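Visitor: For reference, the sequence and a predicted model appear below.
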Amino acid sequence: MLTDVRHTDLPAPDALARELSARLDGFQSIGWTASTGSTNADLLARARASGGSWLLGTHLQQAGRGRAGRPWQNRSGAALMFSCAFPVRMPANRLPALSPLAGLAACEALRSLAGGAAGLGVKWPNDVQWHDAKLAGVLVESARDPAVPGGYIVVIGMGVNLRDADTLSRALDRAVADWTCVVEQAGCAPVSAADIVCAAATAWRDAVRDLEAHGFAPFRARFHAVDALAGRAVNVVDQGAVLFSGTANGLDEQGRLLVQTGGGLTPVSVGEISIRPAAGLPESRA
């Protein structure tokens, strides 16, 4: 096992790439760099040129971004940042479900490493939280697969905070968690950087295959088990304006959040808006 990620710097990029290559199958190429602009952007460019399954990680992202184009703050060794590209064949209207699917799979993978810690949950569509504090951000993008007519390349990227939660919480003025918090508060065994990457990459690969074959409906119960918004009062917000308020009530068969309002259940589409608790509750901002 590589170095415990609680206390020391990450392994050298080439060493981490070698271990991942030895432990993971199903990828045409696995790489890790000291620094890059964005692992998602790098894999999207590669996918548009040649297609295929790829994994790329970095110690430092200089142009990383999260949901709604927000910059991803990081320093070398403080976060684990990596992306996976998968070729898929599915109807275009199924692609939006990949966003909550990726968050679900990442959360399940991290829970498996944390001894099943129930404090790990997903704030729809795909922020992984530790007791309402953001632990990891997930970004899903897609492009046409040049090798397969009607096919797509899906790129799933994640940044997991390994340390610096207190500093980030002060800088961003919102609750941020890191893996050190999880290990210390959940009392679980420490893991290596490679353990986290392998767990997430394998979970994403399997989930994408299942979505191709069966759609999102079979994932609804699994998402409910990690749903950080279930039963909570929420505001539906678009560009800073509250569109409506209600109670989060799970996901539909397309992966959309269902909000119970006075007029009934209203579906909220991935990529259109953000969710935050309604007035009177502690705010959780992504």
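Guide: Nice, I can see it.
Visitor: C-alpha from now on. contacts and neighbour counts both.
Guide: Will do.
Visitor: Now the longest helix along the chain: buried residues?
Guide: Using DSSP state H to define each element, the chain has its longest helix at helix 193-214. Within helix 193-214, the residues that count as buried by 16 or more other C-alpha atoms under 10 Å are 193-205, 207-208, 211.
Visitor: so which of these comes closest to residue 96?
Guide: Residue 96 lies nearest to residue 211 out of those, by C-alpha to C-alpha, at 11.2 Å.
Visitor: which stretches of the protein have low pLDDT?
Guide: Under the criterion pLDDT under 70, the flagged ranges of the chain are 1-9, 63-76, 270-274, 276-286.
Visitor: If we use 50, what do you get?
Guide: Confidence mapping of the chain against pLDDT under 50 gives the ranges 1-3, 5-8, 66-69, 281-282, 284-286.
Visitor: can you give me phi and psi for the residue nearest the centre of it?
Guide: Per C-alpha atoms, centre = their mean, the C-alpha nearest to the average position across the chain is that of residue 138, at 2.7 Å. Per-residue torsions, residue 138: phi -120, psi 140 (degrees, to the nearest 10).
Visitor: and residue 167, how many neighbours does it have?
Guide: 11 (other C-alpha atoms under 10 Å).
Visitor: For it, pull up the helix or strand it's in.
Guide: helix 165-172 (DSSP states H and E).
Visitor: pretty sure residue 145 contacts residue 51?
Guide: Yes - Residue 145 is within contact range of residue 51, at 5.6 Å (criterion: C-alpha atoms under 8 Å).
Visitor: Give me the common contacts of these two.
Guide: Contact with both residue 145 and residue 51 is made by residues 87, 153, according to C-alpha atoms under 8 Å, 6 or more residues apart in numbering.
Visitor: which residues in this protein form helices?
Guide: Using DSSP H, helices in the chain cover 13-23, 39-50, 98-113, 165-172, 179-186, 193-214, 220-226.
Visitor: Please identify the most buried of the ones you listed.
Guide: helix 98-113 (a mean of 24; mean count of other C-alpha atoms under 10 Å).
Visitor: just how off-centre is that one within its chain?
Guide: 7 Å (C-alpha atoms, centre = their mean, to the nearest Å).
Visitor: Which residues lie in contact with the residue nearest to the centre of the chain in this structure?
Guide: 66, 67, 102, 103, 126, 127, 128, 156, 157, 158, 159.
Visitor: Repeat that for residue 261.
Guide: With C-alpha under 8 Å, 6+ apart, residue 261 has these contacts: 245, 246, 247.
Visitor: Save the residues you listed as JSON lines, and put in neighbour count too.
Guide: Shown next, in JSON lines, are the contacts of residue 261 (neighbours: other C-alpha atoms under 10 Å):
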{"residue": "245", "neighbour count": "20"}
{"residue": "246", "neighbour count": "22"}
{"residue": "247", "neighbour count": "20"}
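Visitor: would TSV of the residues you listed with distance to residue 37 be doable?
Guide: Converted to TSV, those look like this (distance: C-alpha to C-alpha, whole Å):
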residue	distance to residue 37
245	37
246	39
247	38
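Visitor: do you know how far the residue lying closest to residue 201 once chain neighbours are set aside is from residue 186?
Guide: Among residues not flanking residue 201 along the chain, residue 84 sits closest, at 6.8 Å (C-alpha to C-alpha, 6 or more residues apart in numbering). Distance, residue 84 to residue 186, by C-alpha to C-alpha, to the nearest Å: 28 Å.
Visitor: Also residue 91?
Guide: Where residue 186 is concerned, residue 91 sits at a distance of 40 Å (C-alpha to C-alpha).
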